[in-house]
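Visitor: Following is a predicted model, sequence given first.
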Amino acid sequence: MKALYVRISTPNQKVDRQLKKDKTIKAYIDVCSGGVLFKDRPEASKLMKNSKITSIEVKEISRLGRNLKDILNTIEYFTNKGIDIRIENLGLNLMVDGKLSAYGQLMVSMFGAIAEHERSIINERTQEGREIAKVNGVYKGRKRGASSDLMKKNYTLITAVQSDLDKGISISKIAEMHSISRPRIYSYIKKGLLTVAIKETAEDKNETGKAKLMAYYTQRDNDLMRGER
């Protein structure tokens, strides 16, 4: 059975043109923000559970997830089950004779490398934010235990929210995108699981922050040289 997956942001968007192409294709239409993980979308979830599907068509590859990592997970989920994915705007099928095509393999490899790079950047920015927060007396670190378990259980959500925070998206908008409450995001920040970038608008504040950061690293290096911990 062939399937057509469509994600639109509002109910007013037209999808008739895609549906009229082949009436034998089963359509799955999600009306939601592109910021929602593929597996958490109502119709996408049904599509993933339908064992009769043999191929899926999407208008463009961005419809398969909220970011590169999610898109890669979606592609791997379906292709591992032998389900072909056709990307209409590229005129490309990811599988040929039940196996990933050369283009499919290249795309998966590229997406995997880029997703890993994005994850490394997020981790690096998070650490930098914490170092700056320590200098400004905002971040004191967190105790091991409950917060670590919370991070493990909510890793996908927390990393996604951190990515949005790094992009400068407001907490209210992020809460709406991920269908969570603002207090929940604030609790993650308080526990040190999320870092909000410190925005310096005045030049003097920026220079002060740099001076404090330099002083922090200088003091830390001196402590290490003296054998202090």
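Guide: Thanks, I have the structure now.
Visitor: for the record, mean pLDDT for stretch 123-131?
Guide: Stretch 123-131 shows a mean pLDDT of 70.
Visitor: Equivalent analysis for stretch 177-191, please.
Guide: Averaged across stretch 177-191, pLDDT comes to 86.
Visitor: same thing with stretch 86-100?
Guide: Mean pLDDT, stretch 86-100: 87.
Visitor: Buried residues of that stretch, list them for me.
Guide: In terms of neighbour count (16 or more other CB atoms under 10 Å), stretch 86-100 has its buried residues at 86, 87, 94, 95, 100. In this view, the C-beta of every residue, glycine as well, is placed from N, C-alpha and C.
Visitor: Need the residues that contact the helix or strand containing residue 164.
Guide: Secondary structure assignment for residue 164, by DSSP states H and E: helix 155-166. Contacts to helix 155-166, defined as CB atoms under 8 Å, 6 or more residues apart in numbering, come from residues 35, 37, 66-67, 118-119, 122, 125-126, 151, 171, 173-174, 177-178, 180, 185, 188, 193-197.
Visitor: On the C-terminal side of that helix, identify the next helix or strand.
Guide: Downstream of helix 155-166, the next assigned helix or strand under DSSP H and E is helix 171-178.
Visitor: Contacts for that next one next, please.
Guide: 33, 35-36, 157, 160-161, 164-165, 169, 181-182, 184-186.
Visitor: how is this protein carved up into domains?
Guide: Here the domain parsing of the chain from automatic domain parsing is 2-100, 118-225.
Visitor: Return the subset of the contacts of helix 155-166 lying in helices.
Guide: Members of those lying in helices (criterion: DSSP state H): 118-119, 122, 125-126, 151, 171, 173-174, 177-178, 185, 188.
Visitor: Most neighbours among those, which one is it?
Guide: residue 185 (23 neighbours; other CB atoms under 10 Å).
Visitor: Report the buried members of the contacts of helix 171-178.
Guide: 35, 36, 157, 160, 161, 164, 165, 185.
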